[in-house]
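[1] turn this into a model:
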Amino acid sequence: MMKNVSILGSTGSIGRQSLDVIEKLGNIKVVALTAGTSVDLMTEQCRKFVPELAVMASREAADKLAAAISDLPTRVSWGEEGLIEAAELPSADCVITAVVGMVGLKPTLAAIRAHKRIGLANKETLVCAGEIVMREAKKEGVEIIPVDSEHSAIFQCLMGNAAHKQIKKIILTCSGGPFFGKTREELKHVTRADALKHPNWKMGAKITIDCSTLMNKGLEVIEAMRLYDVPLEQVQVLIHRQSIVHSMVEYVDGAVMAQLGAPDMRLPIQLALTYPERCECPVDGLDLTATPLAFSHPDLESFPCLQLAMDAAKLGGTACPVMNGANEAAVALFLEDKIGFYDIYELVRGAMEAVPFIADPTLEQVLECDAAARRYVAEHA
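    Next up is the predicted model:
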């Protein structure tokens, strides 16, 4: 079990639930917290957990936080430099990377190089630079424990039998989001409010929109390929509305291992902190008689973003950071009511066609392609 933890993105959904898990476990010290602009919530968190370091996205927010907690021993920093410092903090054993988007890439690499266990909730890190990140983790001998429910499920299904040559298929389950069963015609005019009504999970706005387009599942396909070193052909997506079977692994002998549990992120968060131990968790037990379990194939006609992500996965290289960067920018515009639902797909597709492809990019080229994709969206929205 980890003793000292830094949480990057502590005021978001995963960050708040991570703190809830830590508080209930009772034997883990929070040494660093980072947030964007939520000064009031960060103030509350600092007063409850008294970390060594608190980081805000901007100097203005950091100044407000510093004034609000001037009586605490907590040091306050800001920006990317502060985020990286929180990831590298000498006293931390584990870093929970719960920030959203490409902002998590550099701090994750910094934490790996500082030999911290990574509780990975920032899928964009592996989507955009997975080869670089996994190569660094292997070189430094660092554990990456996934926090996403699906990848935690796969991690658990592979416990004690992780020889990749024995894996026939990784099966990622998907709730289908708020628009399951709707046709393309029906989805043309859906609104931000419609897309934010996820049926099973309470998450941040960006990831909830990604669930509504099924782009989130596409990102998870790429993440699974990187984490478990399998080709696209060995990753399958199935719709599972109940969100009880979180994912499965089929082995070459035909046996299928599945991890089941209530749809509550505190379960995978706690495992990332306590692995290889398991502890009691304040989550309702699973009643297998409550609802039948059903599976179906995704509708790629109505949800073409999933196909885009799989196309990027097949290409590799900079196709993945371009796809991800364009999606982040387009989703931000959709959340501001500036574009329509299918404009997200069109803008991502356009960026993937427009930004020159590099097969084996450096980290700098990954970041440059991400920026180019965002510029494309800004210019064509």
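[2] report the buried residues of stretch 266-286.
    Residues of stretch 266-286 classed as buried by neighbour count (16 or more other C-beta atoms under 10 Å): 266-275, 281. Bear in mind the C-beta positions are built from the backbone N, C-alpha and C, glycine included.
[3] determine how far the last residue of it lies from the first.
    Separation of the first and last residues of stretch 266-286 by C-alpha to C-alpha, to the nearest Å is 14 Å.
[4] per-residue confidence averaged over that stretch?
    Stretch 266-286 shows an average pLDDT of 90 in the prediction.
[5] same deal with stretch 45-55?
    pLDDT averaged over stretch 45-55 gives 98.
[6] quick revisit: how about the buried residues of stretch 266-286 in a markdown table, adding secondary structure and distance to G204?
    Formatted as a markdown table, these follow (DSSP: H, G, I helix; E, B strand; the rest coil; distance: C-beta to C-beta, whole Å):
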| residue | secondary structure | distance to G204 |
| --- | --- | --- |
| R266 | helix | 16 |
| L267 | helix | 18 |
| P268 | helix | 16 |
| I269 | helix | 15 |
| Q270 | helix | 20 |
| L271 | helix | 21 |
| A272 | helix | 18 |
| L273 | helix | 20 |
| T274 | helix | 24 |
| Y275 | coil | 24 |
| C281 | coil | 22 |
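[7] for M248, state which of those residues is nearest.
    Proximity of those to M248, judged by C-beta to C-beta, is greatest for P268, which lies at 15.4 Å.
[8] returning to what we had before: between the buried residues of stretch 266-286, which is nearest G9?
    Minimum separation from G9 among these (C-beta to C-beta) is found for I269, which lies at 12.3 Å.
[9] hmm, D148 and that closest one touching each other?
    No: because the distance of 10.2 Å does not satisfy C-beta atoms under 8 Å, I269 is recorded as not touching D148.
[10] okay, and the common contacts of the two?
    Among the neighbours of I269, those also in contact with D148 (C-beta atoms under 8 Å, 6 or more residues apart in numbering) are A121.
[11] before we move on, back to that, and the buried residues of stretch 266-286, which two are furthest apart?
    Largest separation among the buried residues of stretch 266-286 by C-beta to C-beta: R266 and Y275, giving 14.5 Å.
[12] next, count neighbours for K206.
    19 (other C-beta atoms under 10 Å).
[13] where's it, which helix or strand?
    Of the helices and strands defined by DSSP states H and E, K206 is found in helix 205-213.
[14] show me where the stretch 201-350 of the chain has its helices.
    Remark: helices assigned in the stretch 201-350 of the chain by DSSP state H, counting those that start in this stretch are 205-213, 215-228, 266-274, 304-315, 319-335, 341-354.
[15] nearest to L89, of those helices?
    Taking C-beta to C-beta as the measure, those were each checked against L89, and helix 266-274 came out nearest at 16.3 Å.
[16] now tell me what touches stretch 334-343 from outside.
    By C-beta under 8 Å, 6+ apart, the surrounding residues in contact with stretch 334-343 are 184, 187-192, 195, 205-206, 209, 212-213, 330, 333, 344, 347, 381.
[17] again, only this time at 6 Å
    Judged by C-beta atoms under 6 Å, 6 or more residues apart in numbering, the contacts made with stretch 334-343 from elsewhere in the structure are 187, 190, 192, 205, 333, 344, 381.
[18] repeat for stretch 120-133
    Stretch 120-133 is contacted from outside by 14, 97-99, 101-102, 104-105, 108, 144, 146-147, 219, 222-223, 226, 320-321, 324, 363, 366, using C-beta under 6 Å, 6+ apart.
[19] quick one, strands of the stretch 1-150 of the chain?
    Listed from the start of the chain, the stretch 1-150 of the chain has strands (DSSP state E, counting those that start in this stretch) covering 4-8, 29-34, 53-56, 75-78, 94-97, 117-120, 144-146.
[20] which one, of those, ends up nearest to Q259?
    Shortest distance between Q259 and these, using C-beta to C-beta, is found for strand 144-146: 11.7 Å.
[21] what is the closest one packed up against?
    Packed against strand 144-146 by the contact rule (3 or more C-beta pairs under 6 Å, 6 or more residues apart in numbering; DSSP states H and E) you find strand 117-120.
[22] what pairs with the strand it packs on, parallel or antiparallel?
    Applying DSSP bridges to the sheet, strand 117-120 is found paired with strand 94-97 (parallel), strand 144-146 (parallel).
[23] just the buried residues of stretch 266-286 now: which is nearest G160?
    If you rank the buried residues of stretch 266-286 by distance to G160 using C-beta to C-beta, Y275 comes first, at 13.0 Å.
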